[in-house]
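Undergrad: Sequence first, predicted model second:
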Amino acid sequence: MEDKLQLSALDADDLGVVSAAVQDSLVAVRDCAWFADEKRFVLLLNRFKWEADPGVETRYWRTHSALVFNEVKAVHHHKIPLDQPDRVLDLLSMGLEKDGSVTLHFAADRSIRLEIGRLACHLGDVGEPWPSPWKPAHP
């Protein structure tokens, strides 16, 4: 099994790499938190390891990861069921918008938009990966 993934994003190109790494991550609503005093937004992910070697023991792996955005001024939700903390969301992509904000796009037309002072994003795997029999598939 490969080492734990550690990535940072300081510009749009970097964010594209991090977005590819977190594609199809699962996150419970309760595991998305904005720490306003710290200007930090954190998601605890169940990340599909796209980078894992398919020739090792099993074809698919998942791991827990932390996705952190610093310098967050405000957080806006679109169709995020905040009243359902156990609802699991499927993170599809992230992107830097023309206005400088970051949008996290989830399945079912859900999104979170982060107003940021500057892009400072970090992704880090935590814990040990586990085998998964399923590979995400969608159009």
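TA: Thanks, I have it. Numbers count the residues shown, from 1 in each chain.
Undergrad: Run through the residues that contact S93.
TA: 19, 23, 104-105 (CB atoms under 8 Å, 6 or more residues apart in numbering). Heads up, the C-betas are built off the backbone N, CA and C, glycines and all.
Undergrad: try 6 Å
TA: Each residue near S93 by CB atoms under 6 Å, 6 or more residues apart in numbering is listed here: 19, 105.
Undergrad: Which strand residues bridge it?
TA: H105 (DSSP bridges).
Undergrad: let's number from 48 now, not from 1
TA: In the new numbering, first residue 48, that becomes S140.
Undergrad: Can you check the pLDDT for it?
TA: Per-residue pLDDT puts S140 at 97.
Undergrad: I'd like the distance between it and N117.
TA: Here S140 is placed at a distance of 20 Å from N117 (CB to CB, to the nearest Å).
Undergrad: where along the chain do the helices fall?
TA: With helices called from DSSP state H, the chain shows them at 59-69.
Undergrad: Output the below-cut-off pLDDT ranges for it.
TA: 48-49, 101-105, 186 (pLDDT under 70).
Undergrad: what are the ranges of the strands in it?
TA: Per DSSP state E, the chain carries strands over the ranges 53-56, 72-75, 79-82, 87-95, 108-117, 119-125, 135-143, 149-153, 157-163, 168-178.
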